[in-house]
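1. dropping a prediction and its sequence here:
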Amino acid sequence: MVRETELLAVGAGPSNLGLAVALEELAPGLATVSLVAERRQAIEWQAGMLLPRAKSQVSFLKDLVTQRNPRSRYSFLNYLHATGRLDDFINKDTFTPYRREMSGYLDWVARSLAMVRVEFGRDCVAIRPRRDAAGTLTGWLASFADGSRVASRYLVVGVGRDPHIPGVFAALPAERVVHSAWFRSGVAGLPPGRRRIAVIGSSQSAAEMVRALPGMLPGSEITWIMRAVGPTADASSKFTNELYYPSFTSEFFAASPQGREQILRQMHQTNYSCLTPETLEGLYHDRYLDRLGGRRGTRVITMADVTAAREETAGLVLTLADRRTGSVSTVGCDLVLLGTGFAREMPRLVRELAAGLGLGHVAVTRSYRLITGEPSAAACYLQGVNEATHGIADSLLSVLARRAEEITLDLLARRAERDGAVSTAGTPSLLPGEARTEGTA
């Protein structure tokens, strides 16, 4: 049996929750026929890295709604007020909440929505186009792990990119290689006696795992391996942070391919392979205290490539190539933790959907609508995976409130076109840099 809904949003992360709020505030008629499907049983933001002291890296004002509607009842401040924690937060005198506070806020929003339905335990495994007898694209059919299916005219995919597992680790047993996305559960399932841990990467997630391990696995031997010359702080400043403004998205979209490439290249160190200054300072304090107390502490190996990895009776063996000298060495461990980020390619669900449409390349309009290359009243939107066309902030909290508004307005415009219910004067205007092609999604 196939359920019908007008709009299906896959994934209840920040992007689709921001969309749900925008629908309720800007398009209540569409909100009542919208469904958000989440594979987990509850909202947990960055579940694998929900560590006790981990903090959000952006201001609480970059929540699901404030940059679009500061008076919304779905703001982070109203969450604090509703849960009796506003005074404590104000007294803490900070703009950056703990990550678990942001996770609690997202769960509160999901359970407070008045019109948009959110269903948990709904793991979407495939999406394919729906066509009528004449072959016209009419919508989408999503299949779930429990065998159920949901059909919709409008689809929004907000599942995030897939974790990046470097090929050198592909042959190792899955339980021995844990990406940061599954860090908490992976470490919790480590068999007794296996306490030699290798952490790979120079990212914020790698550093947070290094700092958390001594408390989670007392007595463990930690080796931190990276290609960089050493951990470095992010290169952000008040000036570069302006490139994370929602208003910069249109400038980036309108730039030439060469211009976009330069911006992304120069902005890379503000978000990737770097640490917040606070984390970097904490790491060095830990290192200093270990030396002061005569403890071994974390072994840090810099400028090294992992060129091979194999399993032996005594555990795993990693082969390292020194980038300075070319010399080769090995490191033994019981578990590999990957702080290697996420794949640059589109998520599997999107790639398979594009293949079903016969698309050789995934591209979106300025309003995040998938370009299908054929006339249709149906539409699919992609959230958080458009960095190449919409800028470095696309996968972050910085732009999601305004992006939700843009997608909602585009949906309203398409509904109006389909129904012929409003005049051109009443149709929401296009975003800068976007031209309308009638009947083409």
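-> Here it is on my side, so go on.
2. all contacts plus neighbour counts: C-alpha atoms, from now on.
-> OK.
3. domain parsing of the chain, as residue ranges.
-> Using automatic domain parsing, the domain ranges for the chain come out as 2-162+343-426, 167-234+272-338.
4. so where is the stretch 101-250 of the chain shaky, pLDDT-wise?
-> In the prediction, the stretch 101-250 of the chain carries residues with pLDDT under 70 at positions 193-194.
5. which residues of it fall in helices?
-> When assigned using DSSP state H, counting those that start in this stretch, the helices of the stretch 101-250 of the chain occupy the ranges 183-188, 204-216, 238-241, 248-254.
6. please name the nearest non-neighbouring residue to the most centrally placed residue in the chain.
-> Nearest to the geometric centre of the chain sits G160, at 4.5 Å (Cα atoms, centre = their mean). Residue nearest to G160 in three dimensions, not counting chain neighbours: G384, with 6.1 Å by Cα to Cα, 6 or more residues apart in numbering.
7. ok, the one you found - how many residues close by?
-> Here the neighbour count serves as a burial measure; for G384 (other Cα atoms under 10 Å) it reads 23.
8. contacting residues for it?
-> Shown here is G384, whose contacts under the criterion Cα atoms under 8 Å, 6 or more residues apart in numbering are S15, G158, G160, D394, S395, L396.
9. phi, psi for it please.
-> Note on G384: backbone dihedrals following degrees, to the nearest 10 are phi 80, psi 10.
10. how close does it sit to L283?
-> As judged by Cα to Cα, to the nearest Å, G384 and L283 stand 30 Å apart.
11. ok, now N69?
-> With the distance defined as Cα to Cα, N69 ends up 38 Å from L283.
12. so where's the longest helix in the protein?
-> Determined from DSSP state H, the single longest helix within the chain is helix 400-419.
13. next, the buried residues of that helix.
-> Under the neighbour-count criterion of 16 or more other Cα atoms under 10 Å, helix 400-419 has 400-417 buried.
14. one step back: out of the helices of the stretch 101-250 of the chain, flag the one nearest M303.
-> helix 204-216 (15.4 Å; Cα to Cα).
15. ok, and what's touching the closest one?
-> With Cα under 8 Å, 6+ apart as the criterion, helix 204-216 contacts 49, 51, 54, 180, 183, 187, 199-200, 220, 222, 224, 273-276, 279, 283, 298, 337-340.
16. buried subset of the residues you listed?
-> When those are checked for burial by 16+ other Cα under 10 Å, the buried set is 49, 51, 54, 180, 183, 187, 199-200, 220, 222, 224, 273-276, 279, 283, 298, 337-340.
17. what about those, which are in strands?
-> In strands, judged by DSSP state E, the following of the buried ones among the contacts of helix 204-216 are found: V199, I200, I222, W224, L337, L338.
18. quick one: A388 and Q262 touch, right?
-> No: between A388 and Q262 there is no contact, the gap being 11.2 Å when judged by Cα atoms under 8 Å.
19. of these two, who's got more company?
-> Between A388 and Q262, counted using other Cα under 10 Å, the more crowded position is A388 (16 against 12).
20. distance of the more buried one relative to A235?
-> Separation of A388 from A235 (Cα to Cα): 20 Å.
21. now G358
-> Distance of G358 to A235, computed by Cα to Cα: 41 Å.
22. so for the two, which residue has more residues nearby?
-> When G358 and A235 are compared for neighbours, A235 comes out ahead with 18 against 11, by other Cα under 10 Å.
23. compute the first-to-last residue distance for stretch 179-198.
-> From start residue to end residue, stretch 179-198 stretches across 12 Å - Cα to Cα.
24. what's the offset of that stretch from the middle of its chain?
-> Averaging C-alpha coordinates over stretch 179-198 and over its chain gives two centres that are 22 Å apart (Cα atoms, centre = their mean, to the nearest Å).
25. contacts for it next, please.
-> By Cα under 8 Å, 6+ apart, the surrounding residues in contact with stretch 179-198 are 46-50, 163-165, 175, 178, 205-206, 209, 216-217, 219-225, 332-340.
26. buried set for stretch 285-300?
-> By neighbour count with 16+ other Cα under 10 Å, stretch 285-300 contains the buried residues R287, G297, T298.
27. got the residues you listed as CSV, with pLDDT and distance to V118 columns?
-> Formatted as CSV, the entries for the buried residues of stretch 285-300 read as follows, by pLDDT from 0 to 100; distance: Cα to Cα, whole Å:
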residue, pLDDT, distance to V118
R287, 93, 45
G297, 90, 45
T298, 95, 43
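28. which of those residues lies closest to L320?
-> The closest of those, once distances to L320 are taken by Cα to Cα, is T298, at 17.5 Å.
29. which non-adjacent residue is nearest the closest one?
-> Spatial nearest neighbour of T298, chain neighbours left out: I222 (5.1 Å); criterion: Cα to Cα, 6+ apart.
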